[in-house]
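Chemist: Let's see this in three dimensions:
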Amino acid sequence: MKHQPQCKNSGFTLIELIIVIVIISTLAAFVIPEFIEFSSDADRASTEALKGGLQSSANLYHSKALIETGGVNNGFTYQGVFFDQGYPLGISFSDSDGIPEILEITDISDNYVFATVFNDRTAANQIARGLYLTNKLTNTSPTAADVLATNCYVTYKSHVTVALAPEIIMELSGC
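Modeler: Model (predicted):
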């Protein structure tokens, strides 16, 4: 008489599979929101860095222009960049490249898109040249309203009639 080999079931039981699925689902419920939060943190940090870069560049070039030109004049070119009231403009001016003057002296990532407004206003209702920047849009030609709608942006508004530092405002609620 031949002996038949016994077949052992060596798989998972249904209850074991359910337990593994529950454990994996629980872990995913805690881990996935953390990854989403990292993306938001990165957008916020990038936007804050953008604001700081614009402020630093505007102040540095304002100081250099004051030293080399002897004062704040209304409308002059310094190192190929057009200034108004002693600061780089927030729009492209007197050249055909379409790049706002402040961005010509700032190392801004290609991840940002911008819109400009020639006759803009500051929070104090002063006439300004406005620049609106965000990294939340893929449209390469947004309007200022498009940028504002992201709620994750920086605005740079150079004064036209008063010799004040540019107004630089950051919004992070949509980042």
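Chemist: Every contact and neighbour count from this point should use C-alpha atoms.
Modeler: Will do.
Chemist: which residue packs closest to residue 91, ignoring adjacent ones?
Modeler: Nearest non-adjacent residue to residue 91, counting by CA to CA, 6 or more residues apart in numbering: residue 100, 4.0 Å away.
Chemist: need the strands for this protein, in chain order.
Modeler: With DSSP state E as the criterion, the chain has strands at 76-78, 81-84, 87-88, 113-121, 127-134, 153-159, 167-171.
Chemist: Give the full set of residues in contact with the nearest residue to residue 84 once chain neighbours are set aside.
Modeler: Nearest residue to residue 84, sequence neighbours excluded (CA to CA, 6+ apart): residue 75, at 4.6 Å. Residues in contact with residue 75 (CA atoms under 8 Å, 6 or more residues apart in numbering) are 82-86.
Chemist: in the protein, which spans are helices?
Modeler: Ranges of helices in the chain, per DSSP state H, are 14-69, 101-104, 144-149.
Chemist: out of these, which comes closest to residue 115?
Modeler: For residue 115, the closest of the helices of the chain is helix 144-149, at 5.2 Å, according to CA to CA.
Chemist: How far away from the center of its chain is that closest one?
Modeler: Remark: helix 144-149 is offset 13 Å from the chain centroid, using CA atoms, centre = their mean, to the nearest Å.
Chemist: and it, which residues are buried?
Modeler: Under the neighbour-count criterion of 16 or more other CA atoms under 10 Å, helix 144-149 has 144, 146-148 buried.
Chemist: Any idea how many residues pack against residue 151?
Modeler: For residue 151, the neighbour count with other CA atoms under 10 Å is 16.
Chemist: next one: residue 95
Modeler: Other residues within reach of residue 95, judged by other CA under 10 Å, total 12.
Chemist: pLDDT below threshold where in the protein?
Modeler: Along the chain, the parts satisfying pLDDT under 70 run over 1-10, 33-38, 71-73.
Chemist: try 80 this time
Modeler: 1-12, 14, 16-17, 25-40, 69-75, 94-96, 107-110 (pLDDT under 80).
Chemist: Highest mean neighbour count out of the helices of the chain?
Modeler: helix 101-104 (a mean of 21; mean count of other CA atoms under 10 Å).
Chemist: Centre of the chain to it, how far?
Modeler: Distance of helix 101-104 from its chain centroid, counting by CA atoms, centre = their mean, is 15 Å.
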